[in-house]
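Participant: just a sequence and a predicted model for now, questions to come.
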Amino acid sequence: MKLEEFLVTIAFYIIISNLIYSYLDFEYDFENSIAYEINQVLNGRLINSFSYKHKCDQGEESLVLGKWKGLKEACECPIIGTRFQKCTYKQKLFAFCEDKPEVQPEYYYKFDTKKICVKRTKQTYKEFLLNKQIIGNNERCKEGYKCCGIVDTLNRKLCMKIDERCPITINDINPIKENKNNNTENNQILSIFKLTEYKPCWNPYEKMWKQDYVREFPFKKCSKINNNIYDNRYEKLENFVTNKYDLYYDNNIINNYPKKTFSQLEKTKVYLWGRNNIGIKYEDIKEFSYDNLLIYENMSNKYYSYIWKLSLIASMFLIILLIANCNLNRLNERAFESFLYTVACLFIFIHIIFVLNLIVLVYNLKLRKIIVIEGNDDYMKEIIKILYNEIKIHFIFNMISLILILVFDAYIIIICKNSGR
């Protein structure tokens, strides 16, 4: 293979690899990852008052119970079914089709006609950590403090001042059975709540939630983590059971569904579950910054979109170059100048892509540093590993792309030296 041919081959791989990766690869989405839950835990305030009523009092807030994902835009036809596109004139005229706009997501605030009204502690979980009010399971609270229960998945206890109200535990909500241990120190402090059809998944952004209507955005079903599908640390709140129809009706969502789905929605039971916070050690929160994660996410995603566009333009120059190269001996002087101009443009675009990949590589290195959270339970370690692997994929791609471009430059230098002899 001639050097010129090898150079074109390298350029082809650079462009194709950047096109495929920047288009097909997932963007960073830390709002739908364990990073979001870590941030919610660190900056979340524990619940010390929990009441179930139609209207919350002053000083209370309505507990958010989950999120309905909305509906896709579609063309609904009684004869040919649903198509995820706008209806054509013929479909409307002859198939009686109707355009259905996208419906935005909504949060659930009501459960069985009522709201769950809560009051929260003044301090956040992070502040409790920094004040050393979260202690090991075998330790005892210092003088003037009382133990309020198990605060996180590391099985640690929360200590609060004797005159302060403890956060709610599972026994404050579930009926206490005769054989149930009523020892406050071993009760699970409830901080995280989930609505599901079955048990909550190990991965916080997966969910057992059946798709009852074709326009619904589906949830990713539970996947295995450490050979477990479900997060057994959640406890079912015994008195909180409803069905999907009532849930959607109470939260003003049901009008978005056709009547033919009502029967199935009425049959589908929905349960409310609760558990304590994911356990995070003090040493791990020093470097963690969710705000920085979002900044780096937005910058990386933006540069990937630039890489995609520039790779498309570079691919067009490469195609022109290949066509012109086949007829190089027959090109007149003006056409040859255009050929050289095309080569120069391809060179420039490839090196702009190089710079963008270099910038993204720096962001990836910063992201890897932020998510190093090691001293946690097995569940957290596995979830963090998934997030870390996602960043690692981006990192490896950046390195491959940068190396290919450096090889490209090396062969340009060789060609220039050979032509100068």
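Facilitator: Great, that's in hand. Numbering: from 1, shown residues only.

Participant: pull the distance from stretch 110-124 to the chain's centre.
Facilitator: With Cα atoms, centre = their mean, to the nearest Å as the basis, stretch 110-124 stands 25 Å off its chain's centre.

Participant: just stretch 159-170 next, same as before
Facilitator: Computed by Cα atoms, centre = their mean, the chain-centroid distance of stretch 159-170 equals 33 Å.

Participant: what comes up buried for that stretch?
Facilitator: Neighbour counts using 16 or more other Cβ atoms under 10 Å place Cys159, Met160, Cys166, Pro167, Ile168, Thr169, Ile170 of stretch 159-170 among the buried residues. Every residue, glycine included, has its C-beta placed from N, CA and C.

Participant: equivalent analysis for stretch 104-111, please.
Facilitator: Of the residues in stretch 104-111, those buried under the neighbour-count criterion (16+ other Cβ under 10 Å) are Tyr108, Tyr109, Lys110, Phe111.

Participant: strands along the stretch 251-400 of the chain, start to end?
Facilitator: 269-275 (DSSP state E, counting those that start in this stretch).

Participant: Pro411 contacts Ile10, doesn't it?
Facilitator: If you look again at residue 411, you'll see it is Tyr, not Pro. Yes: using Cβ atoms under 8 Å, Tyr411 is in contact with Ile10, at 6.6 Å.

Participant: hang on, the earlier thing: for the buried residues of stretch 159-170, give me TSV that also has pLDDT and distance to Tyr248.
Facilitator: Shown next, in TSV, are the buried residues of stretch 159-170 (pLDDT from 0 to 100; distance: Cβ to Cβ, whole Å):
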residue	pLDDT	distance to Tyr248
Cys159	94	42
Met160	92	39
Cys166	92	35
Pro167	93	31
Ile168	92	27
Thr169	90	31
Ile170	88	28
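
Participant: show me what contacts the closest residue to Phe349 other than its chain neighbours?
Facilitator: Taking Cβ to Cβ, 6 or more residues apart in numbering, and ignoring the residues beside it in sequence, Phe349 has Ala314 as its nearest neighbour in space, at 4.0 Å. With contacts defined as Cβ atoms under 8 Å, 6 or more residues apart in numbering, Ala314 is in contact with Ala11, Ile14, Ile15, Leu346, Phe349, Ile350, Ile353.

Participant: quick one: the last one from Phe397, how far?
Facilitator: According to Cβ to Cβ, to the nearest Å, Ile353 and Phe397 sit 12 Å apart.

Participant: cool, the first one as well?
Facilitator: Per Cβ to Cβ, Ala11 is found 17 Å from Phe397.

Participant: swap in the third one?
Facilitator: To Phe397, Ile15 is 14 Å away according to Cβ to Cβ.
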